[in-house]
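Engineer: heads up, no residue letters with this:
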Ligand code: HEM
């Protein structure tokens, strides 16, 4: 067929013509953009087919595959277009470290304000005030530091023990979806620890889950009008917390009571205090319960199951009883769990976090800089992709495999002959590093210790394959499970 005839066919069918034109435009546009980025020493852009949408669909389909492929093709720094927004992703530990160490050049403050105003209902005047940066955030860090955390983690410890008894006896001997057992225990115990028993914990559970279900879309800038479930969930949470702060709540933690006093002293009412704490509550609940859930699933799926953990904990109990004759662990829960060293459990927690977090630290460039050999201008957006480091086979041997002993067995982490100190970053880093990390690790420890002291746990043989990761919630922290695992619990003698 001659070119003439082909062109005639194109002209005679407008649909074909416009499709051809669109394809040509995309090719030219991609080519132009690529050339421009090279000539300006900008990080390469991952190629995409659909204008504006960019790579969004591909990322949503499988985040791990996308970033793995991009890293192999483009190196440690590459730009990605998604829904009209260009963000440069950095996947190398030393470059991520450089970003975390330089908050003046790579700013997070802008996002903190945007995130809290766009996703929560805290009054803008409070968010932008010096009160937040000079008083409330330092108070949060003080109360959540290893030394400030004592009373809160102690009340969490007692609550976990009591709830495991209550919920465990409800489910004992019956095939139970693991999620129905684990998530409410960790949700309730964390609520009790910070807000006391007067907090309407069960009423807020559904509202929290509704809000959380579309949080990733809210973050991505999808208008609220399309996210009714989330919007209604947030409104219910705000109402419940306003009522809580209007009522008696002397049993709340010192962190909550002190921050409430400070906010009220500036003339804010219960509604504003409630909205402030809904935001904190979200950080408290969005990740830790799911981390506890995954820790059990991932261990139960291994050939030896939770047996090595049970052995380690049993040995510690025997040793404690030997040193404290005539005493019961039940009367010394906090002391037992905070003084007992359990290297396998510690490694298991670290490994679970490495394996199941998808956290991104986002920063905005404040002045022209060079990073990884590329030029960045003021206003450019950079994201530290910590999950790529967690899955880097050169840093973590058999990175795709869940290995609870990893942090005991692998003595050092290195890449290209250089030691990698920031090999595991489930908490992000720098100025935005998770404020609740000490609470979360200690809470996960006591949960697992008490669970395995009290119960045996096995997969219901009739259970289906079990959960997979909800991979489309890119960068929001611990990945949520899709599907569930049925388990059978039996009280231990
Ligand atoms: C396994 C559980 C948890 C994980 C994996 C986790 C992870 C994260 C990550 C990745 C960030 C953002 C870091 C960044 O942008 O660089 C973050 C922020 C934060 N987390 Fe957590 N978190 C967990 C539990 C908690 C808990 C239990 C609390 C509260 C007690 C908490 C409080 C916060 C707060 C307040 C921030 C905001 C920090 C800021 O903007 O300065 N987190 N967390």
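Structural biologist: All right, it came through fine. This is a predicted model, so every value here is computed, not measured. Numbers count the residues shown, from 1 in each chain.
Engineer: element containing the residue lying closest to residue 136 once chain neighbours are set aside?
Structural biologist: Spatial nearest neighbour of residue 136, excluding adjacent residues (C-beta to C-beta, 6 or more residues apart in numbering): residue 259 at 5.8 Å. For the C-beta atoms, the positions are set from N, CA and C on the backbone; glycine is no exception. In this assignment (DSSP states H and E), residue 259 forms part of helix 254-265.
Engineer: equivalent analysis for residue 164, please.
Structural biologist: Following DSSP H and E, one finds residue 164 within helix 150-171.
Engineer: would you point out the helix or strand in the chain whose mean pLDDT is lowest?
Structural biologist: Ranking every helix and strand in the chain by mean pLDDT, DSSP states H and E puts helix 3-12 at the bottom, with a mean of 55.
Engineer: residues from the chain in reach of the ligand?
Structural biologist: 112, 144, 283-284, 287-288, 291, 353, 357, 359, 361, 426-429, 432-436, 439-440, 477-478 (C-beta under 6 Å from any ligand atom).
Engineer: now do the phi/psi pair for the closest residue to residue 423 other than its chain neighbours.
Structural biologist: What sits nearest to residue 423 in space, not counting adjacent residues and going by C-beta to C-beta, 6+ apart, is residue 413, at 3.7 Å. Backbone dihedrals for residue 413, given as degrees, to the nearest 10, come out at phi -120, psi 130.
Engineer: also residue 106?
Structural biologist: Dihedral angles of residue 106 (phi, psi; degrees, to the nearest 10) stand at phi -120, psi 100.
Engineer: who's in contact with it?
Structural biologist: Going by C-beta atoms under 8 Å, 6 or more residues apart in numbering, residue 106 touches 99, 363, 364, 365, 366, 369, 382.
Engineer: quick one: pLDDT of it?
Structural biologist: Reported pLDDT at residue 106 in the predicted model: 98.
Engineer: any figure for the gap between it and residue 248?
Structural biologist: Residue 106 is 45 Å from residue 248, where distance means C-beta to C-beta, to the nearest Å.
Engineer: scan this structure for its longest strand.
Structural biologist: Secondary structure of the chain read by DSSP state E shows that its longest strand is strand 357-365.
Engineer: ok, the closest residue to residue 278 other than its chain neighbours - contacts?
Structural biologist: Once flanking residues are discounted, residue 278 sits nearest to residue 237: 4.8 Å by C-beta to C-beta, 6+ apart. Under the criterion of C-beta under 8 Å, 6+ apart, the contact list for residue 237 reads 204, 207, 208, 211, 278, 281.
Engineer: from the residues you listed, which single one is nearest residue 228?
Structural biologist: Here the nearest of the contacts of residue 237 to residue 228, counting by C-beta to C-beta, is residue 211; it sits at 11.2 Å.
Engineer: what is the burial count for the closest one?
Structural biologist: Using other C-beta atoms under 10 Å, residue 211 has 27 neighbouring residues.
Engineer: now whatever helix or strand it lives in: buried residues?
Structural biologist: Assessed by DSSP H and E, residue 211 sits inside helix 201-213. For helix 201-213, a neighbour-count test (16 or more other C-beta atoms under 10 Å) marks 201, 204, 205, 207, 208, 210, 211, 212 as buried.
Engineer: now render the residues you listed as TSV, adding pLDDT.
Structural biologist: Compiled in TSV, the buried residues of helix 201-213 are given as follows (pLDDT from 0 to 100):
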residue	pLDDT
201	89
204	93
205	95
207	96
208	96
210	95
211	94
212	93
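Engineer: ok so, going back, the helix holding residue 211 packs against which elements?
Structural biologist: helix 178-195, helix 228-246, helix 270-286 (3 or more C-beta pairs under 8 Å, 6 or more residues apart in numbering; DSSP states H and E).
Engineer: so what's the gap between the first one and the chain middle?
Structural biologist: So that's helix 178-195. A distance of 17 Å separates the C-alpha centroid of helix 178-195 from that of its chain, computed with C-alpha atoms, centre = their mean, to the nearest Å.
Engineer: give the buried residues for that helix.
Structural biologist: Of all the residues in helix 178-195, those buried under the rule 16+ other C-beta under 10 Å are 178-179, 181-195.
Engineer: quick one: it to helix 270-286, angle?
Structural biologist: Here helix 178-195 runs at 140 degrees with respect to helix 270-286, directions being taken by axes from the mean of the first three to the mean of the last three C-alpha atoms, to 10 degrees.
Engineer: re the thing from before, same for the helix holding residue 164, what does it pack against?
Structural biologist: Going by 3+ C-beta pairs under 8 Å, 6+ apart, helix 150-171 lies up against helix 178-195, helix 254-265, helix 333-339, helix 437-454, strand 486-491.
Engineer: try it again with 6 Å
Structural biologist: helix 178-195, helix 333-339, helix 437-454 (3 or more C-beta pairs under 6 Å, 6 or more residues apart in numbering; DSSP states H and E).
Engineer: now that helix against strand 486-491, angle please.
Structural biologist: In this structure, helix 150-171 runs at an angle of 100 degrees to strand 486-491, with the same axes, to 10 degrees as the basis.
Engineer: for residue 139, give its distance to the ligand.
Structural biologist: Distance of residue 139 to the ligand, given as C-beta to the nearest ligand atom, to the nearest Å: 12 Å.
Engineer: residue 299 too?
Structural biologist: 16 Å.
Engineer: check contacts around that residue.
Structural biologist: Contacts here follow C-beta atoms under 6 Å, 6 or more residues apart in numbering; on that basis residue 299 touches residue 306.
Engineer: and the pLDDT for it?
Structural biologist: Each residue has a pLDDT score; the one for residue 299 is 98.
Engineer: same deal with the one 10 residues further on?
Structural biologist: Note on residue 309: pLDDT of 98.
Engineer: ok, and what's touching the strand or helix carrying it?
Structural biologist: Taking DSSP H and E as the definition, one finds residue 309 inside helix 307-323. By C-beta under 6 Å, 6+ apart, the surrounding residues in contact with helix 307-323 are 336, 340, 342, 344, 345, 449, 452.
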